[in-house]
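> Model the following, please.
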Amino acid sequence: MEEQDVIDVIENMMQNKTIRKKYNFVTVTTSSRECVNNLIDLFEKDKNKYKGIVTIASGPNAGLLLFDAVIPLEKLETTYHELKVEDLAKLKRKYEDMEDGETIKIKLIPGENKEMEEKYFAKI
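Predicted coordinates:
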């Protein structure tokens, strides 16, 4: 992230605002069979429907880098209003062949609403 982008994030964080952005696709990288199975179950029910999904990213090293200083983050919530698995049949095959500890990538594509919202939470 460029320094001006980090400053914009901090300003929005201080004002408790979300940041709206456009996106073309989302790639989920996971080594959890449970995560893959949950995604399959979610999208299997309504194969042609898009779902609203909220992701939460956090961790002990989460932070923003500005002028060589780290601003610690509690979490980042990202809301996608319309997503679906690009190729559900392919994901099912990957799941069947997935070995313990293996990492796979899952491509999710947007519907007509290609907007996402990010909300950053500072660690207090």
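
> Which of the helices and strands in the chain ranks last by mean pLDDT?
Sorted by mean pLDDT, DSSP states H and E, the helices and strands of the chain end with strand 63-66, the least confident at a mean of 81.

> From the chain's centroid, how far away is the following helix or strand past it?
The helix or strand immediately downstream of strand 63-66 is strand 69-85, counting by DSSP states H and E. The chain centroid and the centroid of strand 69-85 are separated by 6 Å under C-alpha atoms, centre = their mean, to the nearest Å.

> quick one: average confidence on strand 69-85?
The pLDDT scores in strand 69-85 average 87.

> CA atoms only for that strand - export them in PDB, please.
C-alpha atoms of strand 69-85 as PDB (Å, rounded to 0.1, in the frame of the first residue of the first chain):
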ATOM      1  CA  ALA A  69       6.300   2.800  11.800                       C
ATOM      2  CA  VAL A  70       3.800   0.000  12.300                       C
ATOM      3  CA  ILE A  71       0.200   0.900  13.300                       C
ATOM      4  CA  PRO A  72      -1.200  -2.200  14.900                       C
ATOM      5  CA  LEU A  73      -4.600  -3.500  13.800                       C
ATOM      6  CA  GLU A  74      -7.100  -5.500  15.700                       C
ATOM      7  CA  LYS A  75      -8.800  -6.700  12.400                       C
ATOM      8  CA  LEU A  76      -9.900  -5.900   8.900                       C
ATOM      9  CA  GLU A  77     -13.500  -6.700   7.900                       C
ATOM     10  CA  THR A  78     -14.200  -6.900   4.200                       C
ATOM     11  CA  THR A  79     -17.800  -7.200   2.900                       C
ATOM     12  CA  TYR A  80     -18.500  -8.500  -0.600                       C
ATOM     13  CA  HIS A  81     -22.100  -8.100  -1.600                       C
ATOM     14  CA  GLU A  82     -22.200 -10.600  -4.500                       C
ATOM     15  CA  LEU A  83     -19.800 -13.500  -4.900                       C
ATOM     16  CA  LYS A  84     -19.800 -17.000  -6.200                       C
ATOM     17  CA  VAL A  85     -17.200 -19.700  -6.900                       C
END
